[in-house]
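Q: predicted structure and sequence below. I'll ask about it afterward.
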Amino acid sequence: MTIKGAYWNCRFCRGAGCISCSTQREKCEARMKDRMPEPIFTADRNDPEDMAALGRIFGGDAIREASEAGAFGFAENITQRAAMEGIKQLLRKHVIYEPSDKPECEK
Ligand SMILES: [Zn+2]
């Protein structure tokens, strides 16, 4: 039996439950936060362009094309699609073009 809120890797009680469990859990989460890799693509379900990008990564056509790459190529193909959509999303959401950036002919 374990006490509610017990932390399985607590150095004091080894998961049985004690007053240090929450502190131990917070310390572990803080350490792990720095080690976690960033996702290559994340989608906001309220953003139609994100959802369209998700379709280009995991949609029927994407899966069909990735399947043609074989068992080992499948994951690589999907990963490359996600990476490309992540880059496009980054440009779309975070790079703001000022009117002065337009080519001379469009001013
Ligand atoms: Zn504990």
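A: Sure, I can see it. Residues are numbered from 1 along each chain as shown.
Q: helices or strands up against the helix or strand encompassing Ala75?
A: Per DSSP states H and E, Ala75 falls inside helix 70-94. For helix 70-94, the contact count by 3 or more Cβ pairs under 8 Å, 6 or more residues apart in numbering; DSSP states H and E identifies helix 48-58, helix 60-67 as packing neighbours. Where C-beta positions appear, they are placed from N, C-alpha and C, glycine not excepted.
Q: so whichever residue of the chain sits closest to the ion, which state does it fall into?
A: When distances are taken as Cβ to the ion, the chain reaches nearest to the ion at Cys10, 3.0 Å away. Under the three-state scheme (DSSP: H, G, I helix; E, B strand; the rest coil), Cys10 adopts coil.
Q: ok, now which ones touch the residue most central in space within the chain?
A: Centroid-nearest residue in the chain: Pro39, 2.7 Å away (criterion: Cα atoms, centre = their mean). By Cβ atoms under 8 Å, 6 or more residues apart in numbering, the contact set of Pro39 is Gly86.
Q: cool, thanks, talk later.
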